[in-house]
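K.L.:
Sequence and predicted structure are below.
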Number of protein chains: 2
Amino acid sequence: MRLLLVEDTRGLGEAVRDQLQEEGYAVDWVERISAARHCLRSTPYDLLLLDLMLPDGSGLEFLQQLRKSGQALPVIILTARDQISDRIAGLNAGADDYLVKPFDLDEMLARVAAVARRYSGNPNPYLQLGELEVDLAARRILRQGQAVELSAREWALFEAFVQHLGQVLTRSRLEDALYAFGAEIESNTIEVYISRLRKKLGKSCIETLRGMGYRMSVK
Amino acid sequence: MRLLLVEDTRGLGEAVRDQLQEEGYAVDWVERISAARHCLRSTPYDLLLLDLMLPDGSGLEFLQQLRKSGQALPVIILTARDQISDRIAGLNAGADDYLVKPFDLDEMLARVAAVARRYSGNPNPYLQLGELEVDLAARRILRQGQAVELSAREWALFEAFVQHLGQVLTRSRLEDALYAFGAEIESNTIEVYISRLRKKLGKSCIETLRGMGYRMSVK
DNA sequence: CTGAATCTGACAGCAACCTGAAACTTTCTT
DNA sequence: AAGAAAGTTTCAGGTTGCTGTCAGATTCAG
């Protein structure tokens, strides 16, 4: 269970993170919206804890953007007492719950556990990658609920991407994933398989970075 | 970060251990499965590097046993080139990644770092440079939260600056970063790319030092 | 003010990439 | 064992947008 905490108050952020980690959650803590955007791209999270007043923008707008882009990620917002009206706006914008600062840490844990429980229909080996649901162990992929069948090579390639989510993979790195080490390949096999994966999984699932390689991200 | 290396080839084992230790990992190196079992009982490890052909049994079976007993420990398997089919079996048995011998030590380090990162739950590390957020592994840059796309050459140049923050880079130094060693260039290509970077990343991000070169600072 | 260094918009050429289809290989079925 | 089906690799033609160069504008040092 991995959480992303966006909170610019040092003391509070640290306390919340430590408390959650003690409970066994994996927690990433950032202080800016831009950083949060970053994390969300390269890592699949199960829950977002979002302060509404941040140095580089409004958490509320950020949340709206998230929802607009189709992110179903559970969100708990953190607001100061004098921003209570934001609470309403927050819930409207698609938050799942809220906490008014200063809040009790046990209260916080309870809310997190509640939201987590509500959402954890499937115990975690499932990865949610945009419209894809991936079960790595079972080698199964659902796209918008529909099963997608991959051949051996297609799967090997896909797996390489998933195991290095968000990172740019060079051609030679991908070749290593498809063919055990140093097996020279002359033609454009990689491109052909990229093309097939896109056909099966959706165009936007793999980005091309001309002259550099390819990248799969969470969104 | 403590690793257990199970490898019966002396030379290879030594090289891998030394390399990893230089990178700051704590490494225990054993040559037998029985010894590995022992270590695992008495010490908590963060990662297991496992050869599949060992004098006292099959690493594959060992891995299966581990998984059956509920061990979630990350595992990278090492296979010889002619045991490719084991790679599939290994991944099925619950390995997280594989390396085909003979492998490049840098490649090995990269895989170890990747697996370690994946399990430690950290997202890619990112840099904050003024109004820029940089994720080197993902080759992603956010400028005030907005994604900025760089071409291959632009990125190479940018990377050179980031890797020498605050230092003055001469023209010939930059040429070496863009073109593999000593490729003479006559026209003002460098200036053109500097210009393109400034357009995308902001004027002030790279300073000109007339007659000397260019510099990027932390700001 | 003058010359040299640097900046930047424009552009032709071409390498990188995409993709449908054909040739070939492996696996399955009868 | 032979044929069918599925998977893999290669090839070729079409497209995209990066790259290096130049020329004219601009900045800077003396």
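P.N.:
It's in.
K.L.:
so when I look at A:F103, I'm seeing a strand, right?
P.N.:
No - going by DSSP: H, G, I helix; E, B strand; the rest coil, the assignment for A:F103 is coil, not a strand.
K.L.:
count of neighbours near it?
P.N.:
Neighbour count of A:F103, defined by other CB atoms under 10 Å in any protein chain shown: 15. (Glycine included, C-beta is placed from N, CA and C.)
K.L.:
which residues does it contact?
P.N.:
Applying CB atoms under 8 Å, 6 or more residues apart in numbering or on different chains, we find A:F103 in contact with A:L78.
K.L.:
And it, how far from A:F161?
P.N.:
A:F103 is 39 Å from A:F161, where distance means CB to CB, to the nearest Å.
K.L.:
same thing with A:A114?
P.N.:
Going from A:A114 to A:F161 by CB to CB gives 34 Å.
K.L.:
Could you do A:Y45 as well?
P.N.:
18 Å.
K.L.:
ditto for A:R32
P.N.:
Taking CB to CB, one finds A:R32 at 27 Å from A:F161.
K.L.:
okay, those two: which has more neighbours?
P.N.:
Neighbours were counted for A:R32 and for A:F161 using other CB under 10 Å; A:F161 has more, 23 against 18.
K.L.:
Just confirm the more buried one is within a strand.
P.N.:
No - when classified by three-state DSSP, A:F161 is found to be helix rather than part of a strand.
K.L.:
What residues does it make contact with?
P.N.:
By CB under 8 Å, 6+ apart, the residues touching A:F161 are A:L169, A:I206, A:Y214, A:M216.
K.L.:
among those residues, who's most crowded?
P.N.:
A:M216 (24 neighbours).
K.L.:
Pretty sure A:G166 is one of the things that residue touches, is it not?
P.N.:
Yes - between A:M216 and A:G166 there is a contact at 7.5 Å, judged by CB atoms under 8 Å.
K.L.:
what about A:L48, distance to chain B?
P.N.:
Using CB to the nearest CB, to the nearest Å, one obtains 13 Å as the distance from A:L48 to chain B.
K.L.:
do A:M216 as well
P.N.:
Computed as CB to the nearest CB, the A:M216 to chain B distance reads 10 Å.
K.L.:
Would you mind listing what in chain A touches DNA strand D?
P.N.:
Residues of chain A found near DNA strand D (CB under 7 Å from any atom of the strand) are A:149, A:151-154, A:178-179, A:185-189, A:192-193, A:210-211.
K.L.:
which phi and psi does the residue in chain A that DNA strand D sits nearest to have?
P.N.:
As assessed by CB to the nearest atom of the strand, DNA strand D sits closest to A:S151 within chain A, at 2.9 Å. Dihedral pair for A:S151: phi -80, psi 180, per degrees, to the nearest 10.
K.L.:
before we move on, what about A:A72?
P.N.:
phi -100, psi 0.
K.L.:
Helix, strand, or coil at the closest residue to it other than its chain neighbours?
P.N.:
Among residues not flanking A:A72 along the chain, A:Q128 sits closest, at 7.8 Å (CB to CB, 6 or more residues apart in numbering or on different chains). The three-state assignment at A:Q128 reads strand, by three-state DSSP.
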